[in-house]
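Fold the stuff below for me.
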Amino acid sequence: MPHQEIIPPLALRDRIKCFWYDSKEPGEQPADFEVVPDGYAEIIFYFGGPCSLVTEGGQQLLPSPFMVGLLHRPVRFYAEHRLEIIGIRCFPWTVFDLLGLTPGPAGVRRMEHPIARLQAPLAECLRAGRPAEALALAEQYFLSAPVPASLDRLLGKAGKAMQAAHGTLPVRQVAAAAHATVRTLERKFKQSAGHTVKNVSGLMRFEQVRNYLWQHPDANLAGLAQELGYTDQAHLSREFKRYSGTTPAAFARNVRNGTGNRL
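Down below sits the predicted model:
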């Protein structure tokens, strides 16, 4: 079944980017697969066979749901059997307030939360072949759940400015867009997201480069570096390798050869 995605209603749009569905069929690709960093946090429900996080110490079975916070390097998962996924893609400065959780470390995180009650009704929808209905159920949960009355306006303005500029704004310009001092912005951002403005901006900018190279693997990297505010092509390459584990040139080559990873 193809990937499906819905934009949340206006009441949730300042907290949630989208609700999405995808599936992995056995044999379509290796049982272990890589997820590359981007500028969002994800709440992940999965159905079908078990799903594990691949670590240096071996595989760690994950509960459903679990959270994928901001990543600073690729992570690998293992799922040998058919897997169906319902995801809630959130902004990193809203996800913890949305769930009433304390900001934690980056990466994959187990969580105990009432949202886990969605597992059974979502599974029923997917068994019946109705992923759109499952997405609607997830959306209704957040519309009905007791969530913060309103997003901190300062963080909302800062986040919109960062998104509009795809992470290219210096921190002082993000603060100016939010009508705040750099110190106030950084303090509130760290409290809500668990990360600095610079960290999140770097991931947003990396995501832009990655997405562009998926669509245009023959792009001129020097020109792309200038367009997205990197000091030069070497700076772009260092940052890209930091987040993806490979260079943009190698990534583009893999896309041209049909081996680029879109997860």
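
can you give me how far stretch 67-82 is from the chain middle?
Offset of stretch 67-82 from its chain centre (CA atoms, centre = their mean, to the nearest Å): 11 Å.

what's the straight distance from one end of that stretch to the other?
20 Å (CA to CA, to the nearest Å).

Buried residues, it. List them.
Met67, Val68, Gly69, Leu70, Leu71, Val75, Phe77, Tyr78, Ala79 (16 or more other CB atoms under 10 Å). C-beta coordinates here come from the backbone N, C-alpha and C atoms, glycine included.

Ok, stretch 55-66 next?
Neighbour counts using 16+ other CB under 10 Å place Leu62, Ser64, Pro65, Phe66 of stretch 55-66 among the buried residues.

Likewise for stretch 230-245?
Quick answer for stretch 230-245 (16+ other CB under 10 Å): Tyr230, Gln233, Leu236, Ser237, Glu239, Phe240, Tyr243, Ser244.

Dump those into JSON lines; add secondary structure and pLDDT as well.
Output for those, formatted as JSON lines (DSSP: H, G, I helix; E, B strand; the rest coil; pLDDT from 0 to 100):
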{"residue": "Tyr230", "secondary structure": "coil", "pLDDT": "89"}
{"residue": "Gln233", "secondary structure": "helix", "pLDDT": "93"}
{"residue": "Leu236", "secondary structure": "helix", "pLDDT": "93"}
{"residue": "Ser237", "secondary structure": "helix", "pLDDT": "94"}
{"residue": "Glu239", "secondary structure": "helix", "pLDDT": "91"}
{"residue": "Phe240", "secondary structure": "helix", "pLDDT": "93"}
{"residue": "Tyr243", "secondary structure": "helix", "pLDDT": "90"}
{"residue": "Ser244", "secondary structure": "helix", "pLDDT": "89"}
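
if we can go back for a sec, just give me the closest of the buried residues of stretch 67-82 to Arg187.
Leu70 (18.1 Å; CB to CB).

For that closest one, list the residues it contacts.
Contact partners of Leu70, counting by CB atoms under 8 Å, 6 or more residues apart in numbering, are Pro37, Gly39, Tyr40, Ala41, Pro92, Ala106, Ala193, Gly194, His195, Asn199, Val200, Leu203.

how about the residues you listed in JSON lines, adding pLDDT and secondary structure?
Listed next are the contacts of Leu70 as JSON lines, based on pLDDT from 0 to 100; DSSP: H, G, I helix; E, B strand; the rest coil:
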{"residue": "Pro37", "pLDDT": "89", "secondary structure": "coil"}
{"residue": "Gly39", "pLDDT": "90", "secondary structure": "coil"}
{"residue": "Tyr40", "pLDDT": "93", "secondary structure": "coil"}
{"residue": "Ala41", "pLDDT": "93", "secondary structure": "strand"}
{"residue": "Pro92", "pLDDT": "92", "secondary structure": "coil"}
{"residue": "Ala106", "pLDDT": "74", "secondary structure": "coil"}
{"residue": "Ala193", "pLDDT": "87", "secondary structure": "helix"}
{"residue": "Gly194", "pLDDT": "87", "secondary structure": "coil"}
{"residue": "His195", "pLDDT": "89", "secondary structure": "coil"}
{"residue": "Asn199", "pLDDT": "90", "secondary structure": "helix"}
{"residue": "Val200", "pLDDT": "93", "secondary structure": "helix"}
{"residue": "Leu203", "pLDDT": "93", "secondary structure": "helix"}
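
Nothing else from me, thank you.
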